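Undergrad: predicted model follows, preceded by the sequence.
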Amino acid sequence: MWDLNRLRIWRAVVATGSVVDAAKSLNYTSATVSQHITNLQKAVGVPLYRRSGRGIEITDLGKRLAEESSDVFTGLSRLDTLVESFRTVNRPRMRIAAFTSFNAGLLPGIIEPVAFEHSDMRFDIQLNEPAKVRRSHCTIEIRSEVPQDDEVHLPGMTRTVLFDDDYRVVVSNRHQFASLESVPFKDLADQRWVDYDLWAGPTSKVVDLACAAAGFEPRTFAASEDEFAALALVASNLAITVLPRLSSAQLRPGLTAVGLTDPTPVRRVVMHVREREAHLPHVRSFVTAAEAVVADYLSR
């Protein structure tokens, strides 16, 4: 007697109090909803509703039916979860840890061919910022390094340099630097700065070294661990900030990225691959795709 789809539609009718509103919530036509609840009422053999003007009046049984069927759908949800857990227990999974700008700017292009070749692959994407965070169970780690420091080698992983990422000063379109192709780093000394890296990781250390080389300490106007908040302050022409090229590649309207000289800060982006998984086809595909995507990024 019970058609679960009709029962689900009936619950929507009771919840909204209207065939028209239920149809909108389910993305059905009103005629389709009316047909389903008519057939449900026939199957039950007892009135669930009565016509009342242009609408319907739900009977006590109709209300109780919607209420009592809640446990049915809760149970179905648990069954779906159970089946899905068994379906995915042997599903291949790739765990990737990287910093925000890499995840946003380059990772989609890397994952795309891997997903095409391995359609059942699940990708778990994590952040490894601040730098001291270590995701020991990851297959791939993408990290920033300070070129002047010693190389970082993670235990059980092979290190490969992907590219060197130069920095640019990001300013409001109303700022005096906005029309320039490049700015000597020393000219930033008199500017108010927004610090977006509160963890003092490799990304901000590169900037600190450039400031020292130019002979000044930045005048910090604001500090925020939220890059969006930091850039909102810059867009309001309240301050400037210095970002790697990858982080400044897709700026919000009202912002401009200008090159830096004397010195040009640079961070190193490296990829660590877990040695015991490096032979797996999907890992090899990821490494190949990463090399291709990085080459395309550097050619822009």
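TA: That came in fine, so what should we check first?
Undergrad: could you pull out the helices for the stretch 51-200 of the chain?
TA: Assignment of helices within the stretch 51-200 of the chain using DSSP state H, counting those that start in this stretch yields the ranges 60-68, 70-87, 100-105, 107-117.
Undergrad: lowest average confidence, helix or strand, in this protein?
TA: helix 70-87 (a mean of 77; mean pLDDT, DSSP states H and E).
Undergrad: so, low pLDDT: which residues of the stretch 201-300 of the chain?
TA: Applying pLDDT under 70 to the stretch 201-300 of the chain flags no residue at all.
Undergrad: returning to what we had before: ok, which of the helices of the stretch 51-200 of the chain comes nearest V270?
TA: For the helices of the stretch 51-200 of the chain, distance to V270 was read as C-beta to C-beta. The smallest value, 10.8 Å, belongs to helix 100-105. C-beta: built from backbone N, CA, C; applies to glycine.
Undergrad: so which elements touch the longest strand along the chain?
TA: Among the segments of the chain that qualify as a strand by DSSP state E, the longest is strand 157-172. Packing contacts for strand 157-172, counted by 3 or more C-beta pairs under 8 Å, 6 or more residues apart in numbering; DSSP states H and E, involve strand 140-145, helix 202-214, helix 227-235, strand 241-244, strand 255-261, strand 266-274, helix 281-299.
Undergrad: buried deepest among these, which one?
TA: Burial among the helices and strands packed on strand 157-172, expressed as mean neighbours by mean count of other C-beta atoms under 10 Å, is greatest for strand 241-244, which shows a mean of 26.
Undergrad: from E67, how far off is I58?
TA: When distance is defined by C-beta to C-beta, to the nearest Å, I58 is 11 Å away from E67.
Undergrad: higher neighbour count, these two?
TA: I58 (19 against 11; other C-beta atoms under 10 Å).
Undergrad: for that one, what are its contacts?
TA: Under the criterion of C-beta atoms under 8 Å, 6 or more residues apart in numbering, the contact list for I58 reads V13, V14, G17, L48, Y49.
Undergrad: low-confidence ranges in the stretch 1-150 of the chain?
TA: Along the stretch 1-150 of the chain, segments meeting pLDDT under 70 span 1, 84-90, 130-136.
Undergrad: start to end distance for stretch 273-286?
TA: Distance across stretch 273-286, first residue to last, is 10 Å (C-alpha to C-alpha, to the nearest Å).
Undergrad: ok, and the most crowded of the contacts of I58?
TA: Of these, V13 is surrounded by the most neighbours, 27 neighbours in total, counting by other C-beta under 10 Å.
Undergrad: list the contacts for that residue?
TA: In this structure, V13 makes contact with V19, A22, V33, I37, Y49, I56, I58, judged by C-beta under 8 Å, 6+ apart.
Undergrad: restricting to C-alpha, output the least confident helix or strand of the chain in CSV.
TA: Once non-C-alpha atoms are left out, helix 70-87 reads as follows in CSV (Å, rounded to 0.1, in the frame of the first residue of the first chain):
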residue,chain,number,x,y,z
SER,A,70,8.9,10.8,10.1
ASP,A,71,10.5,7.7,11.7
VAL,A,72,10.2,5.9,8.3
PHE,A,73,12.3,8.5,6.5
THR,A,74,14.8,8.7,9.4
GLY,A,75,15.2,4.9,9.1
LEU,A,76,15.6,5.2,5.3
SER,A,77,18.3,7.8,5.8
ARG,A,78,20.2,5.5,8.1
LEU,A,79,20.0,2.7,5.6
ASP,A,80,21.3,5.0,2.9
THR,A,81,24.3,5.9,5.2
LEU,A,82,24.9,2.2,5.9
VAL,A,83,24.9,1.2,2.3
GLU,A,84,27.2,4.1,1.3
SER,A,85,29.7,3.2,4.0
PHE,A,86,30.0,-0.3,2.6
ARG,A,87,30.1,1.0,-1.0
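Undergrad: cheers, nothing more for now.
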